[in-house]
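Undergrad: how would this look folded up:
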Amino acid sequence: MHISRAMRSTRRRAFFFALLTTFLLVYASSPRPAQPSAPPSGGKTTTDDTIDQSNSPLRPLIERFTEDRSVLGRYYNIAVAEDRRERFRRFYAEWESRLEGVNFGSLNRDGQIDYVLFHHVLEHASRQLAFQAKDEVDSSSYVPFSATIVALEESRRNGHSVDSKNAAASLARMSVQIQDLQKELAKNLKNPPPPDAGHTRINANRAADEVETLRKTLHNWFAFYNEYDPLFTWWTSESYKKADSALEEYGRFLRHDVAGVKKPSKEPNPQSRPTGEPSGEREDAVDTHTTRPATAGDTSDIIGAPIGRERLLEELKYEMIPYTPEALIDVANQEFAWCENEMRRASNEMVFGDDWKKALEKVKNMYVEPGKQPQLIRDLEQEAEAFIDQHDLVTIPPLARETWRMQMMSPERQLVNPFFTGGETISVSYPTAEMTYEQKMMSMRGNNIPFSRATVFHELIPGHELQLFMADRFHSYRAALGSTPFTVEGWSLYWELLLWDMKFQKTPEDRIGALFWRMHRCARIIFSLSFHLGKMTPDECVNFLVERGGHERENAIAEVRRSVAGEYGPLYQAAYLLGGMQLYSLHSALVGSGKMTNRAFNDAVLKENMMPIELIRASLTGQQLSRDYATTWKFLASGPIPGVQPLPQ
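TA: As a prediction, the model looks like this:
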């Protein structure tokens, strides 16, 4: 074969380059005496506090657990299937046994905290399976055909050959079963509603969700074989179409006729992302849950499922909150009264006397014109950063300052999230051209300048954007294990409390904007816990926000919708202010006593990641831990929260 001179020259260069590369790799891997790092200015050596220095012995176990849990969830992917619950029961029991074999006394500080956290998560996950099973039993009479779909999909998932003729027969029988069931339920609707009509609505609405899940499962099953197996298509295509149509119609019937949800006035915008489908962008914003399409002004879709006092206590135990729901509602009412008093003070400064709602009306009309909101957000973000820097409150990595982004929120999502949401990307809630005049005014009034001044730093820096930035870089495996809203939302609320004390809000209008939000967080505790205790209906929750909290009605409806629709945990809305109170109390104990500076405290909290705040406290204070450690910290006993009477130890 003829080789040109240029090619021979190229091969020689490649040979010498490969030889040099080999020499450098050998040199780099050979042992050499350790060299001291170059000291910074001042001549002192220091560790790089921008790199995670933690060395928990349990980190590999936790990372293995979270990966195993994820792969099981992807394989056993039918939420209503008993084999999924049974497999996860065994999975959690196996990991409990494995964790028990760890020598707790031999673990370092990080390891002991991770042990308590891991054990805590496993216990709660096992108990949740029992609760989920009970919920599905309550709604099972509406979906007696679920076993047919589950069996088909499990057989496909396990790699068994499909019996196309029998599958077609099963689908045909199921279609008839669904149609007969719908006729029977429709006949019963003509009778007077039963005494537990509310419970019927809840179960029917939950069953409608299950029907949607089963329909998607059946679609995936059919698509797997269709056209790839000609005999399968020949046998099942018509049976599948009838079954799919029956499921779709039955789901609508349950939702609208039995559960009483009004049909949406229009189909959702195809440009907005449907529930459960990936956006193609990292889901880094806090409060980005979505629900099915809603209709402006309509509350019929706000059904929810009150979980009752027993399960509330279980959730509080999991979150390491040592108080009853009733005690927390009392605390929220006290804080609400303090906020009202502060509102009156600001209102008097604005020459409205004690009628703070008139002052609030003036503040609501301090909105920017359409198209100006993004610049306002940029200005408010820079203002907050400058204040943080001036008072040396927390370390802000340059990359965190540089890389936060902004996007506009869809009109459909604003029906669920009427205000900003944040993280690395702040999602701006503001009117669009297709909204009605009333909707536009409510959106602008609800996102006015003083309200936004108290929102932007919550969502960006030093709030969620900085929090998530650090969570990706320090003890990241803890967040993968399962984060808590008491830390996620509590972090941003803590800053609202701290910056209020530091007089960040200079004018009475800005103080009213901040107080509106604090009152709102009090209201969230009151109405969300009262709803789950069965003491308030969704409509009563909406009226409470309008009449006591000064909300625009559309915004109040959206707030209640996102609170009780089931997309969030039952304590999520209460966690904002309560988590903020936890961190505020811990700050008072450590910074107020002179044991830590503001910056050292806030940096340390961020680096612990988003585990229960009681465990963050244990880490920062060096508290003694045990294998069976339980909640002991009564964070409301010392009384650092303005207006709240200390609760007894």
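Undergrad: show me what contacts the nearest residue to Leu129 once chain neighbours are set aside?
TA: Counting by C-beta to C-beta, 6 or more residues apart in numbering, Arg85 is the residue found nearest to Leu129 once chain neighbours are left out, at 5.3 Å. Backbone N, C-alpha and C define where each C-beta goes, glycine included. By C-beta atoms under 8 Å, 6 or more residues apart in numbering, Arg85 lies in contact with 129, 132-133.
Undergrad: Which helix or which strand is home to Arg85?
TA: helix 82-100 (DSSP states H and E).
Undergrad: Counting by contacts, list what the following helix or strand past that helix packs against.
TA: Later in the chain than helix 82-100, the nearest helix or strand by DSSP H and E is helix 109-139. With contacts taken as 3 or more C-beta pairs under 8 Å, 6 or more residues apart in numbering; DSSP states H and E, helix 109-139 sits against helix 59-75, helix 82-100, helix 197-225, helix 308-318, helix 476-482, helix 613-621.
Undergrad: just how off-centre is the fifth one within its chain?
TA: Spelled out, that is helix 476-482. 14 Å (C-alpha atoms, centre = their mean, to the nearest Å).
Undergrad: Let me know the average pLDDT across it.
TA: Per-region confidence: helix 476-482 scores 91 on mean pLDDT.
Undergrad: Checking my notes, Ser427 in a strand, right?
TA: Yes: looking at Ser427 with DSSP: H, G, I helix; E, B strand; the rest coil, it is inside a strand.
Undergrad: So what's the residue count around it?
TA: A total of 23 residues lie near Ser427 under the criterion other C-beta atoms under 10 Å.
Undergrad: Is it correct that it is in contact with Arg405?
TA: No: using C-beta atoms under 8 Å, Ser427 is not in contact with Arg405; the gap is 9.8 Å.
Undergrad: any idea how far the closest residue to Leu393 other than its chain neighbours lies from Thr487?
TA: Nearest residue to Leu393 in three dimensions, chain neighbours excluded: Asn598, at 4.9 Å (C-beta to C-beta, 6+ apart). With distances taken as C-beta to C-beta, to the nearest Å, Asn598 is found 18 Å from Thr487.
Undergrad: Looking at those two, which has the bigger crowd around it?
TA: More neighbours surround Thr487 than the other of Asn598 and Thr487, with 27 against 16 (other C-beta under 10 Å).
Undergrad: give me every residue that touches that one.
TA: 579, 610-613, 616.
Undergrad: Distance of it relative to Leu586?
TA: 11 Å.
Undergrad: tell me, what's touching those two both at once?
TA: Overlap of the contact sets of Thr487 and Leu586 (by C-beta under 8 Å, 6+ apart) consists of 613, 616.
Undergrad: Just want the phi and psi numbers for Ser56.
TA: Main-chain torsions, Ser56, degrees, to the nearest 10: phi -70, psi 130.
Undergrad: ok, and the closest non-adjacent residue to it?
TA: Ser56 sits nearest to Asp110 (C-beta to C-beta, 6+ apart), 3.8 Å away.
Undergrad: Pick the most buried one from the helices and strands packed on helix 109-139.
TA: helix 613-621 (a mean of 21; mean count of other C-beta atoms under 10 Å).
Undergrad: If I look at Thr50, what pLDDT would I see?
TA: At Thr50, the pLDDT value in this model is 76.
Undergrad: Next up, the contacts around the residue nearest to it when sequence neighbours are not counted.
TA: Nearest non-adjacent residue to Thr50, counting by C-beta to C-beta, 6+ apart: Pro397, 6.8 Å away. Applying C-beta under 8 Å, 6+ apart, we find Pro397 in contact with 50, 469-470.
Undergrad: Just the buried ones from those?
TA: 469-470 (16 or more other C-beta atoms under 10 Å).
Undergrad: out of the contacts of Pro397, which are inside strands?
TA: Using DSSP state E, no member of those falls in strands.
Undergrad: wait, which of the contacts of Pro397 is closest to Ser106?
TA: Nearest to Ser106 among the contacts of Pro397 is Met470, at 29.2 Å by C-beta to C-beta.
Undergrad: surely that closest one meets Leu606?
TA: Yes: counting by C-beta under 8 Å, Leu606 is a contact partner of Met470 at 4.1 Å.
Undergrad: Please parse the protein into its domains.
TA: Following automatic domain parsing, the chain resolves into domains at 59-140, 143-258, 316-332+370-621.
Undergrad: I'd like these as CSV, with distance to Leu647 appended.
TA: Listed next are the domains of the chain as CSV, based on distance: least, C-beta to C-beta, whole Å:
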stretch, distance to Leu647
domain 59-140, 23
domain 143-258, 33
domain 316-332+370-621, 6
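Undergrad: Packed most tightly, which of those would that be?
TA: domain 316-332+370-621 (a mean of 20).
Undergrad: distance between the ends of that domain?
TA: 23 Å (C-alpha to C-alpha, to the nearest Å).
Undergrad: which other residues reach stretch 627-645?
TA: Stretch 627-645 is contacted by residues 104, 115-116, 119, 317, 320-323, 331, 334-335, 337-339, 341, 497, 581-582, 584-586, 588-589, 592, 613-614, 617-618, 646-649 when judged by C-beta under 8 Å, 6+ apart.
Undergrad: Could you rerun that using 6 Å?
TA: 104, 116, 320, 322, 331, 334-335, 338, 581-582, 585, 588, 614, 646-647, 649 (C-beta atoms under 6 Å, 6 or more residues apart in numbering).
Undergrad: Output that stretch in CSV, but only the C-alpha positions, please.
TA: The C-alpha coordinates for stretch 627-645 follow below in CSV (Å, rounded to 0.1, in the frame of the first residue of the first chain):
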residue,chain,number,x,y,z
ARG,A,627,-29.3,4.8,67.5
ASP,A,628,-33.0,5.3,68.4
TYR,A,629,-32.9,9.1,68.6
ALA,A,630,-36.3,10.7,68.7
THR,A,631,-37.6,14.3,68.6
THR,A,632,-36.6,16.3,71.7
TRP,A,633,-36.3,19.9,70.6
LYS,A,634,-39.2,22.1,71.6
PHE,A,635,-38.3,25.0,69.4
LEU,A,636,-41.2,27.1,70.5
ALA,A,637,-40.3,26.8,74.2
SER,A,638,-37.8,29.7,74.3
GLY,A,639,-40.2,32.2,72.8
PRO,A,640,-38.0,34.0,70.2
ILE,A,641,-40.9,34.5,67.7
PRO,A,642,-42.6,37.9,68.0
GLY,A,643,-46.2,37.6,69.3
VAL,A,644,-46.0,33.9,70.1
GLN,A,645,-46.3,32.8,73.7
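Undergrad: That concludes my questions; thank you for your assistance.
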